[in-house]
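Asker: Provide a 3D model corresponding to the input given below.
(one chain, ligands or ions: 1)
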Amino acid sequence: MENLQKLFDVVVVGAGTAGTIAARFVAKKGLSVCLIDRKQTSQIGDKICGDAVGNEIFDFLNINHPKNEELSCLIKGAKIYSPNLKKCITLVDPKQAGYIINRLEFGQRLLNEALDAGVAQFLDNTLALDLLYTNDHVTGVKVRLKNGEKIDLKSKIVIDASGYNTQLRKKVKSSLVEKEISKQDVILCYREIVKFSPKDLQVKDSEYITIILDQEKAPGGYIWYFPKNESSVNIGLGVFMDYGGKVKELYRQNIFNNFIKTSKFEIISTGGGIAPVRRPLWSCADNGIMFVGDAACQVNPLHGGGIDPSMRAGLHAANTAIRAIEDEDHSLNKLWDYNYKVMTSFGTEFASLDLLRRVLQVLSNEDLNFGLERDLLSGEEILEISSTGGLNTSLISMVTKAFKGISRPNLLLDLNYLRIRMNEISNLYKNFPQNPDIFPDWKQKVLEVYNKIERMIINK
Ligand SMILES: Cc1cc2nc3c(=O)[nH]c(=O)nc-3n(C[C@H](O)[C@H](O)[C@H](O)COP(=O)(O)OP(=O)(O)OC[C@H]3O[C@@H](n4cnc5c(N)ncnc54)[C@H](O)[C@@H]3O)c2cc1C
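Answerer: Now for the predicted structure:
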């Protein structure tokens, strides 16, 4: 590989949803971009996933919506069930409507569009091994090419989009970026795509994604049932990491046997994966580097959806990289703007939902049945958090809820306490520091809110 270009404006590691979007928008501006992925080209996009994505992101990025072979089916909204299935919250708004996609076809399209936008070099079967440093600035990536040769790819900025298992984040010198993600902040998922004849079994609620909260059948996570088309579904569950050895058993007993009530079926695909379900990293940037998508924990903590935020972050990172390169300043100070964009947009929503997630994970099925049936947390409120990151429940509605919840005052008090903390955290995120100097004070305030919720959880 003697003619290989080794010097770029930007090297993007990982050609998933985050990396292809980041590479595409940097290349579109005429900068030189190298995109690498450990997979071979034909496998780019293939990922164990629920395959659901809302339609907003395509307008936000001004790119084509999924169609033809990329599109499995259209979705009107989401249905969330209480454990006893007596209460169903139906969420129908533009944020919930969207698509079930064919992940491989979708990924291939995003890759091709990035290459068409002018990515200078795409290296498949290429593994990022380490970060290159000049003093305390990242200045490229050490990689192993498909022929086994190890080379240095130098760049002004590195964008790490290599997913939850990124090794590069662990190599960052500054302590601002977390190296490890706590076990309590990730969910282990397992899912199958099951095909059957519509004569034998009907797809349930074929225009909605269905989510069932159940602490016994899916401890710490939820069960999902997503339509794929008229004769197949994507069904699975997410659980606490501690259930590692048992996740398939839980799936087989509690999910497959409940939903696939026919002996004539074909399992098209099986597999598991890990989703981070917390607020984004404290800092998604450092000198010469930005982290996007799962590598930066940019996944909705409530439902584990990460396609939309990873693409959003890809655009933000691209815009910040373009400005930094124009101004010839690749320091954290200059890249901080990326943090600001992430934290004051979906980061605000995710920090707030992260608190909600922590509390939901410790509620019993009895609490969940009670709380959902009495609208202690309603569909409107879930939508409100999704659009504003906070809750502005009026006094009248709180009093109404208080009467409805009179038989479980502790649960009501806990939920009210949670609401206050969610608003607190969303205000902090909306006021994310505009430069790194005042970040430590801000972080301390955020930690205080988290500690309050952790203390409440311990005292339950
Ligand atoms: C079971 C499951 C179900 C999910 N369901 C949904 C859903 O329905 N909807 C939704 O929105 N989200 C869902 N998610 C989350 C979603 O899949 C991710 O958030 C999203 O794909 C993040 O994209 P990414 O580009 O950050 O990372 P990835 O898609 O993981 O891409 C990372 C890329 O980097 C490459 N790579 C990794 N390491 C290296 C290396 N060292 N060198 C070079 N290349 C490397 C990989 O090959 C890969 O192509 C689900 C996740 C799981 C686990």
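Asker: Looking at the stretch 101-250 of the chain, which residue is nearest the ligand?
Answerer: Residue of the stretch 101-250 of the chain nearest the ligand, by C-beta to the nearest ligand atom: residue 163 (2.8 Å). (Each C-beta comes from the backbone N, C-alpha and C, glycine too.)
Asker: Restricting to C-alpha, output stretch 236-252 in CSV.
Answerer: Extracted in CSV, the C-alpha atoms of stretch 236-252 (Å, rounded to 0.1, in the frame of the first residue of the first chain):
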residue,chain,number,x,y,z
GLY,A,236,-36.0,-8.7,22.1
LEU,A,237,-35.2,-7.4,25.5
GLY,A,238,-32.7,-5.3,27.4
VAL,A,239,-31.6,-6.2,30.9
PHE,A,240,-29.0,-5.2,33.5
MET,A,241,-25.5,-6.4,32.7
ASP,A,242,-25.6,-8.8,35.7
TYR,A,243,-28.0,-11.0,33.7
GLY,A,244,-25.3,-11.7,31.2
GLY,A,245,-25.6,-15.5,31.4
LYS,A,246,-29.4,-15.5,31.5
VAL,A,247,-30.5,-13.1,28.8
LYS,A,248,-31.2,-15.8,26.2
GLU,A,249,-33.1,-17.8,28.7
LEU,A,250,-35.2,-14.8,29.7
TYR,A,251,-35.8,-14.1,26.0
ARG,A,252,-36.9,-17.6,25.2
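Asker: for it, what is the average pLDDT?
Answerer: Mean pLDDT, stretch 236-252: 93.
Asker: Confirm that the residue of the stretch 101-250 of the chain closest to the ligand sits in a helix.
Answerer: No. Per DSSP: H, G, I helix; E, B strand; the rest coil, residue 163 lies outside any helix segment and is coil.
Asker: Grab the nearest non-local neighbour of it.
Answerer: In this structure, residue 163 finds its nearest non-sequential neighbour in residue 294, 4.6 Å apart by C-beta to C-beta, 6 or more residues apart in numbering.
Asker: which residues touch the one you found?
Answerer: 16, 18, 163, 164, 166, 275, 276, 306, 310 (C-beta atoms under 8 Å, 6 or more residues apart in numbering).
Asker: Mind checking what secondary structure the fifth one has?
Answerer: Under three-state DSSP, residue 166 falls in the coil class.
Asker: tell me the phi and psi of it?
Answerer: Phi and psi for residue 166, reported as degrees, to the nearest 10, are phi -50, psi 130.
Asker: How many residues are close by the residue lying closest to it once chain neighbours are set aside?
Answerer: Excluding its sequence neighbours, the residue lying closest to residue 166 (C-beta to C-beta, 6+ apart) is residue 295, at 4.2 Å. If you count neighbours by other C-beta atoms under 10 Å, residue 295 ends up with 29.
Asker: same question, residue 305
Answerer: Residues contacting residue 305 under the criterion other C-beta under 10 Å number 19.
Asker: What distance do you get for the residue of the stretch 101-250 of the chain closest to the ligand to residue 38?
Answerer: For residue 163, the distance to residue 38 equals 10 Å [C-beta to C-beta, to the nearest Å].
Asker: Looking at these two, which is more packed in?
Answerer: It is residue 163, of residue 163 and residue 38, that has more neighbours when counted by other C-beta under 10 Å, with 22 against 19.
Asker: hang on, the earlier thing: look up how far the ligand lies from the residue nearest to residue 163.
Answerer: 4 Å (C-beta to the nearest ligand atom, to the nearest Å).
Asker: Likewise for residue 3?
Answerer: According to C-beta to the nearest ligand atom, residue 3 and the ligand sit 21 Å apart.
Asker: Can you report how many residues lie near the closest residue to residue 37 other than its chain neighbours?
Answerer: Leaving aside its chain neighbours, residue 37 sits nearest to residue 15 (4.0 Å; criterion: C-beta to C-beta, 6+ apart). Neighbourhood size, residue 15 [other C-beta under 10 Å]: 30.
Asker: For residue 15, give me its contacts.
Answerer: Residue 15 sits next to 23, 35, 36, 37, 39, 44, 107, 111, 114, 122, 124, 161 when contact means C-beta under 8 Å, 6+ apart.
Asker: now with 7 Å?
Answerer: For residue 15, the contacting residues are 35, 37, 44, 111, by C-beta atoms under 7 Å, 6 or more residues apart in numbering.
Asker: lowest-pLDDT helix or strand in the protein?
Answerer: Within the chain, confidence by mean pLDDT, DSSP states H and E is lowest for helix 395-404 among all helices and strands, at a mean of 55.
Asker: what's the residue nearest to residue 163 sitting at in phi/psi?
Answerer: Taking degrees, to the nearest 10 as the convention, residue 294 sits at phi -60, psi -30.
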